[in-house]
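[1] Need the 3D shape of this:
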Amino acid sequence: MHHGRPVRRTERTVNSDFSIVAQYQAEFRGIAGYYQLAFNLHQLDRLKHVMQRSLVKTLARKYRVRVPRIYQRYRTVLKTDQGPRRGLQVTVERGEGRPPLVAQWGGVSLKRKIRIGSLDDHPTQVWNSGRSEVVKRLLADTCEMCGSHDGVEVHHIRHLKDLNVRGRAPKPAWAQMMAARHRKTLVVCRVCHEDIHYGGRPSRQNS
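    Next up, the predicted model:
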C-alpha cells in the first residue's frame, strides 16, 4: 500500500507471469490458512482485494499496459468447492502430451473452519527467487545462450552495477541477459564462456 492505495511490486516484474501469479496466490493462501480458525476470517476479503490490485498492477507494469488489459488477458472462472468464482489464470503449455502448468489467483475460501484436517506449512516454492536456482540451472545442463550441452559452467560477475557503466559501448547479448534477469550468474557452455571473456578473440589455450 502507498498513500492508502494498492501498488505494484516492481521487483517482481523480472519473473514470469506464471511465477508472479503463483507467488501472490501462495502468499494469500498461507495467510488465509493461518487464520482459518478465526471467527472473522471473512475480513481477509479486504486483503484479497488489495493483493489482487497489486498483482494486476505488477503485470501491467511488466508489459507497459493498463490494468484492464491484464484482466482481459487472464480473467477466468475458477471451479471451487463453493461453486464457480471469478479469478485470474496463467497457463504454460509444455507440449509432448504433458499437462500444462497452471497458476491461478483466487478461489481461496474465506469460510471459517472448525476442524482442520491437515496444515500444509511447507508449500512448494514456484517463483524465481530461490537460493538453489543456480543448482537447478546447472542440473539442466544447458547453455542459456546457445542451448549447447557441452562443458556447461557458470559465468560470474561481482556486481550488477558493473553491467551498466556510462560511456561504455552497447552491452553484448550475455550482459543484456544478466541485466534483464537481475542475476550475477549465467550458465553457459565452454565456447560461450570464452567468447564472453575474450570478446570473440581466440583464447590463449585455443591459440
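[2] And the helices in this protein?
    17-34, 45-63, 67-74, 133-139, 173-181, 190-198 (DSSP state H).
[3] And the fifth one, what's buried?
    I take that to be helix 173-181. Trp174, Ala175, Met177, Met178 (16 or more other C-beta atoms under 10 Å). Using the backbone N, CA and C atoms, a C-beta is placed for each residue, glycine as well.
[4] Can I get the residues you listed in TSV including distance to Cys146?
    Shown next, in TSV, are the buried residues of helix 173-181 (distance: C-beta to C-beta, whole Å):
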residue	distance to Cys146
Trp174	11
Ala175	16
Met177	12
Met178	15
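[5] Could you take those residues and lay them out as a markdown table, with extra columns for pLDDT?
    Output for the buried residues of helix 173-181, formatted as a markdown table (pLDDT from 0 to 100):
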| residue | pLDDT |
| --- | --- |
| Trp174 | 81 |
| Ala175 | 81 |
| Met177 | 79 |
| Met178 | 79 |
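[6] quick one: low-confidence ranges for the chain?
    117-139, 164-170, 200-207 (pLDDT under 70).
[7] now Gly106, nearest residue through space, not along the chain?
    Spatial nearest neighbour of Gly106, chain neighbours left out: Gly87 (2.6 Å); criterion: C-beta to C-beta, 6 or more residues apart in numbering.
[8] any idea which strand is longest in the protein?
    strand 83-92 (DSSP state E).
[9] Strand partners (parallel or antiparallel) of it?
    strand 75-80 (antiparallel), strand 101-105 (antiparallel) (DSSP bridges).
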